[in-house]
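K.L.:
The sequence and its predicted three-dimensional model are supplied below.
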Amino acid sequence: KLVTLQLCFAVAGSKQRELPASLWQHHTLENLDVRYNCVRDIAPDIANLTNLRSLLIAGNKLQKLPVTEIGGMSTLTELDVSNNPRLGEEELHSLSAAIPLCHVTFDSASQKEEKHEPEPELVQEHPKLAPGEHPPLFSQLFPLSTPTLRQRLLSQFGVELPHGSDTQHRLSVLHKL
């Protein structure tokens, strides 16, 4: 019985832009985490996940959401669609209104305008590595903007980078990891 699933496609060279069709067959799934990938679309078949409580799709390249289908998911209590700059704010507000018992996290238009640094499309390979070697964590995290780094450190490693941290503090946290 599959209850929690975390998918990661954001590796160098990945062309995965949509979730696998086989995913929609897992009716017992309660938690789906596909944060920080390059997913562009969520299929209307998401409605087949009738036990889904938590849907975390932040940090993708979503262009649209199946609002009607997600809005009809009565078990959904948490939805995070933040850091998807191509989603329209009107669509996000209608989604939030469609599922009033669900905590919906998204960026407002003013938050989107504050972001100056583009996020990298994919994790970059380290140029000096031999074939088959993985890049060090530092080289993967360093190019990220500070807000993105703060969110990834907290969600992936449980490390909190305080707001207002200076460059030196940011570098010391990266070196510790």
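P.N.:
Right, received. Where do you want to start? Numbers count the residues shown, from 1 in each chain.

K.L.:
my guess is residue 101 meets residue 75, correct?
P.N.:
No. Here residue 101 lies out of contact with residue 75, judged by CB atoms under 8 Å, at a distance of 9.6 Å. C-beta: built from backbone N, CA, C; applies to glycine.

K.L.:
Pick out whichever of the two has more residues nearby.
P.N.:
Set side by side, residue 101 and residue 75 show more neighbours around residue 75, with 13 against 8, by other CB atoms under 10 Å.

K.L.:
Break down the protein into its strands, ranges please.
P.N.:
Under the criterion DSSP state E, the chain contains strands at 4-6, 31-33, 54-56, 78-80, 103-105.

K.L.:
Would you reformat the ones you listed as TSV and include distance to residue 93, mean neighbour count and mean pLDDT?
P.N.:
Conversion of those to TSV gives the following (distance: least, CB to CB, whole Å; neighbours: other CB atoms under 10 Å; pLDDT from 0 to 100):
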stretch	distance to residue 93	mean neighbour count	mean pLDDT
strand 4-6	28	12	87
strand 31-33	23	19	94
strand 54-56	17	20	95
strand 78-80	13	19	94
strand 103-105	9	15	89
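
K.L.:
who wins for proximity to residue 95 among those strands?
P.N.:
Proximity to residue 95, assessed across the strands of the chain by CB to CB, is greatest for strand 103-105 (6.5 Å).

K.L.:
Can you name the residues in contact with the closest one?
P.N.:
Counting by CB atoms under 8 Å, 6 or more residues apart in numbering, the neighbours of strand 103-105 from elsewhere in the structure are 58, 77-82, 92, 95-96.
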